[in-house]
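> I need the structure of the sequence given here:
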Amino acid sequence: MRRYAPVLPVVLVVALLALPVPADGGSADGGGTGTVADAVSALVVGLCVVRAVRTGRRPLTRTAAVLLGMPVVGITVAAFGASSGSTGVAGAARYLQIFVLVPAAVLMLIRDAAQFRFLAWSFVGLGLYQGVIGVHQNLTGTGASYMGEDIRAVGTFGSTDVMGMATVVSYGLVCALALAFRPRSPRQRTAAVGCAALLFVPLALSFSRGAWIATAAACTAVLLLAGVRRAGQVLLAAGAAAVVLVAGFGFGSAMLQERLSSITQVTDAPDQSVIDRYTMWAASADMWREHPVAGVGLKGFPEYRDSHASLALSSGSDTAGAGSGFVRQPLLSPHNMYLLVLGEQGLLGLTALVGGWAGLVVCAVRRWSRQRVRRGGPGGPGGHGGQGGPELDCALVACGLLVWQLIDFMYADIGGPSTVLTAVALGAVAWWALGARPRPREVGTR
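Reported below is the predicted structural model:
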């Protein structure tokens, strides 16, 4: 364990998400009392601060400091525009935790590819654990309520955070698929393929359309980055398996098929949840038009929602099951991270946040290009058997997680107990894209 000791605090944060979530352990708007994982993530940040002070070394490269620090600008300005000082401080603390502090801490703690893989496998392990619970909930009718039946797989996150298990399982599936492309490691590849296949089941039973779309896009990106020929082979095999399971064995309930087909009906015959989402998206855009530069202030969406939303918006969403009674949850966020930031932080905040993510995309792809298979190169004939560079799987994990998160933010925003895992994933991406520490000539002394 000495080899993985530096990254163990981050793995502990991931592992703590397996604990049952208290009833008030997080809310849909990113508030709530927090969870044990949130508390430990704060300790991890403090550990990195103490280490940086004691060593007297610059903890981040200039590029990393700029890209991870860009969201601070919009967050700070929007915090001053909040309805009250306490609201601004609480909102700023949450945004800084998820998008700045925890990702920076994860970037500082990961030192090499072996530790990065260890963290990626912890994602897979958490996904399998939550997935087993979710499948059991579906089979025994003890999950969250869906169309009058308690069959929705939610894991330990409960009915008030139906996206929690879907997020965890999606992360695990993307990581498992990417880890299956590690060169010259047949045992890891076999284990990763098996885990990816197992995680597909709880993801389907989560009934989360946004997670399905994001996972499909991320897995496609992973396969394409691994090689076009490989992508074609895997997609053909997956298509054949799907035909056999659905047509041959009748896999997939009517509810699951209906949920899948509803993805293409969101404009023709949307259900109430889709209507509510469209209405809240329009409300966020309207808030931005009235406050284009700095938005309405952090955590200001609930306060301004009713004055900008149409009458089509319902009073809330109904949740029940998974050990909880009937709860009417207010709609406190637009379920779109980009529009939430645009409405609350304005164009300044959105530009800073998305600009940092765009920088991560560019840096991650540039580093991946040095690991991809090249004809006649290290991964081509006479090289490593067409398996790519030694860290190809790390590149695929980082790029896959980043693609998943950027697409999922079109249908979701921060909030709920699983949000801290988003911060850890962004930190893992940052390690691959930006590197763990500055070069020797950039290191200062006290």
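> the strands in this protein, which residues?
Taking DSSP state E, the strands of the chain run over residues 144-146, 149-152, 317-321, 324-329.
> ok, of the ones you listed, where does mean pLDDT dip lowest?
Ranked by mean pLDDT, the strands of the chain end with strand 317-321 at the bottom, a mean of 67.
> distance between the ends of stretch 3-14?
Stretch 3-14 has an end-to-end distance of 18 Å (C-alpha to C-alpha, to the nearest Å).
> list the contacts of residue 18.
Shown in contact with residue 18 (C-beta atoms under 8 Å, 6 or more residues apart in numbering): 126, 129, 130, 156. Where C-beta positions appear, they are placed from N, C-alpha and C, glycine not excepted.
> try it again at 7 Å.
By C-beta atoms under 7 Å, 6 or more residues apart in numbering, residue 18 lies in contact with 126, 129, 156.
> show the pLDDT at it.
We have a pLDDT of 93 for residue 18.
> what's the distance between it and residue 277?
Look at residue 18 and residue 277: by C-beta to C-beta, to the nearest Å, they are 30 Å apart.
> kindly report the same for residue 368.
33 Å.
> same check, this time on residue 350
Note on residue 350: its distance to residue 277, by C-beta to C-beta, is 19 Å.
> same thing with residue 333?
Per C-beta to C-beta, residue 333 is found 10 Å from residue 277.
> what is the burial count for residue 288?
22 (other C-beta atoms under 10 Å).
> list the contacts of it.
Taking C-beta under 7 Å, 6+ apart as the criterion, residue 288 is in contact with 295, 342, 343, 346.
> between residue 368 and residue 277, who's got more neighbours?
Under the criterion of other C-beta under 10 Å, the comparison of residue 368 against residue 277 puts residue 368 first, with 22 against 19.
> so what's the more buried one closest to, chain neighbours aside?
Leaving aside its chain neighbours, residue 368 sits nearest to residue 395 (4.0 Å; criterion: C-beta to C-beta, 6 or more residues apart in numbering).
> state the pLDDT value of that neighbour.
Reading off the model, residue 395 has pLDDT 93.
> distance of it relative to residue 430?
Taking C-beta to C-beta as the measure, residue 395 falls 14 Å from residue 430.
> ditto for residue 189
As for residue 189, its distance to residue 430 is 26 Å (criterion: C-beta to C-beta).
> looking at the two, which is more packed in?
residue 430 (28 against 17).
> what's residue 116 in contact with, if anything?
110, 394, 428, 431.
> can the residues you listed go into CSV with extra columns for distance to residue 116 and neighbour count?
Formatted as CSV, these follow (distance: C-beta to C-beta, whole Å; neighbours: other C-beta atoms under 10 Å):
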residue, distance to residue 116, neighbour count
110, 5, 24
394, 5, 26
428, 7, 27
431, 6, 26
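> for residue 79, state which of those is nearest.
Proximity of those to residue 79 (C-beta to C-beta) peaks at residue 428, which lies at 27.2 Å.
> pretty sure the closest one sits against residue 399.
No. Using C-beta atoms under 7 Å, residue 428 is not in contact with residue 399; the gap is 11.2 Å.
> any stretches of the protein with poor pLDDT?
In the predicted model of the chain, residues 22-33, 230-271, 314-318, 320-323, 325-326, 373-388, 436-446 satisfy pLDDT under 70.
> switch to 50 and redo it
Within the chain, the ranges that satisfy pLDDT under 50 run 25-32, 248-250, 375-386, 437-446.
> ok, residue 3 touching residue 117?
No. Contact criterion C-beta under 7 Å: residue 3 and residue 117 do not qualify, at 11.2 Å.
> looking at these two, which has the bigger crowd around it?
Between residue 3 and residue 117, counted using other C-beta under 10 Å, residue 117 has the larger neighbour count: 22 against 11.
> which residues touch that one?
Residue 117 makes contact with 179, 394 under the criterion C-beta under 7 Å, 6+ apart.
> let's see it at 10 Å
4, 7, 175, 178, 179, 182, 185, 188, 391, 393, 394, 397 (C-beta atoms under 10 Å, 6 or more residues apart in numbering).
> just to revisit the earlier point, filter the contacts of residue 116 down to the ones in helices?
Mapping those onto helices (DSSP state H) picks out 394, 428, 431.
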